[in-house]
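Enquirer: sharing a sequence plus its predicted fold:
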Amino acid sequence: MNPDGLVQGDAVKRGRSAKYVRLGQARFVLIEEYNERLSNSIKAETPYKTPSGYPTVKTPHCQGMAPGDGSRNHPFEKRADHLLKRLLEVFPTKEVLLRYAAVCVEVYRPNSDSFKYYHSLIDRHRKSGIDMLLSDPDYLRHVHETLKKWDMNSRRAKLVESSPFLESITELSKEIIELADYSMENLNEISIREIEPKMKYVFENLKVMESKSRIVGVSKTLHFLLPKLVMPIDGKYTLNFFFGRRPNSKRRNSEYELFFDIFKAFNNYAVRVALSKSDEELQGWNTTIPKIIDNAIIGYMRTHKSPK
């Protein structure tokens, strides 16, 4: 198959898993070796180019976007399209994605409090409707405590106190309940246009962080509240995976734009590789489709590049 996963050989079309990436006419490389070359190019911060001239996808900061700019005015394509290509380049098939997600399950905090608190939240989602959860102060306090376990109240990060956090979620409960009707793998262009204004309103009005940067804390909170729809974003893994570092926010709404571009890339990738509920697991970290993709990124980054 081609590096972008769009052109497939006959064997793959008949249902076999892709083993090789096509570099050009009669030139192929094992997917594992291709990913290794890609990881080396990330470390060198220069894009690896295949012998045929098929360049690997350069992340926006490598391709004309001013460093830390966060601009959506990319000279070739929209940023969300480049983020999608990055996912397809590293995880060209669902099999490769699930392999890296399994790495995360094995090595990433398997017995930590962050894992236990998170699983408790997911179990409550499975047993109760979102309207009941949002009216339960104990559940909302549990979300706040889980954010602490996920390092959102350490180092330079500073969570708001519990009371304003709970109040902001309660005030946004109508929009959150409406968003809970959607799941990432079932979105199309029409439904994305439907949810975008609500998503923006919730993102911009949730009171999560005292610190200036919001994208990590708010995305994790939204994942806890809407685990089937929203992915958590991590500066160490997610943003490093896509950009090589954490983009700076120079405009008021640039963090939301970055969040929604990552969201659209996750959605398009989930649809492209046909992720479904059958890929979710009751145990371990692979609880929902947004988290499976997030886990694969963590597994890949821990395998190929040790975040600072």
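Expert: Looks like it came in fine. Numbering: from 1, shown residues only.
Enquirer: can you pull out the strands in this protein?
Expert: Ranges of strands in the chain, per DSSP state E, are 20-24, 27-30.
Enquirer: confidence-wise, which of the ones you listed is weakest overall?
Expert: Among the strands of the chain, strand 20-24 carries the lowest mean pLDDT, at a mean of 68.
Enquirer: got the contact list for residue 103?
Expert: For residue 103, the residues meeting the contact criterion (CB atoms under 8 Å, 6 or more residues apart in numbering) are 299-300, 302-303. For the C-beta atoms, the positions are set from N, CA and C on the backbone; glycine is no exception.
Enquirer: revised request: answer the last question for residue 292.
Expert: So residue 292 contacts 97-98, 101, 275, 279-280, 286 (CB under 8 Å, 6+ apart).
Enquirer: how about the helices in the stretch 101-250 of the chain?
Expert: According to DSSP state H, counting those that start in this stretch, the stretch 101-250 of the chain carries its helices in the segments 113-127, 130-134, 137-149, 162-171, 173-179, 189-205, 215-225, 240-243.
Enquirer: let me know the average pLDDT across the first one.
Expert: For helix 113-127, the mean per-residue pLDDT is 90.
Enquirer: what's the answer for the longest one, then?
Expert: With pLDDT averaged residue by residue, helix 189-205 scores 96.
Enquirer: hmm, back to that, of all the helices of the stretch 101-250 of the chain, which lies closest to residue 28?
Expert: Residue 28 lies closest to helix 240-243 among these, at 25.4 Å (CB to CB).
Enquirer: for the nearest residue to residue 173 once chain neighbours are set aside, what are its contacts?
Expert: Distances taken as CB to CB, 6 or more residues apart in numbering place residue 134 nearest to residue 173, at 4.5 Å, with adjacent residues excluded. When contacts are counted by CB under 8 Å, 6+ apart, residue 134 touches 140, 169-170, 173, 176-177, 225.
Enquirer: neighbour-wise, which one of the residues you listed leads?
Expert: Taking other CB atoms under 10 Å as the neighbour criterion, residue 225 ranks highest of the contacts of residue 134 with 26 neighbours.
Enquirer: residues contacting that residue?
Expert: With contacts defined as CB under 8 Å, 6+ apart, residue 225 is in contact with 130, 134, 143, 169, 176.
Enquirer: turn the residues you listed into a markdown table, columns for pLDDT and distance to residue 244.
Expert: Formatted as a markdown table, the contacts of residue 225 follow (pLDDT from 0 to 100; distance: CB to CB, whole Å):
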| residue | pLDDT | distance to residue 244 |
| --- | --- | --- |
| 130 | 94 | 36 |
| 134 | 96 | 37 |
| 143 | 96 | 31 |
| 169 | 97 | 33 |
| 176 | 97 | 33 |
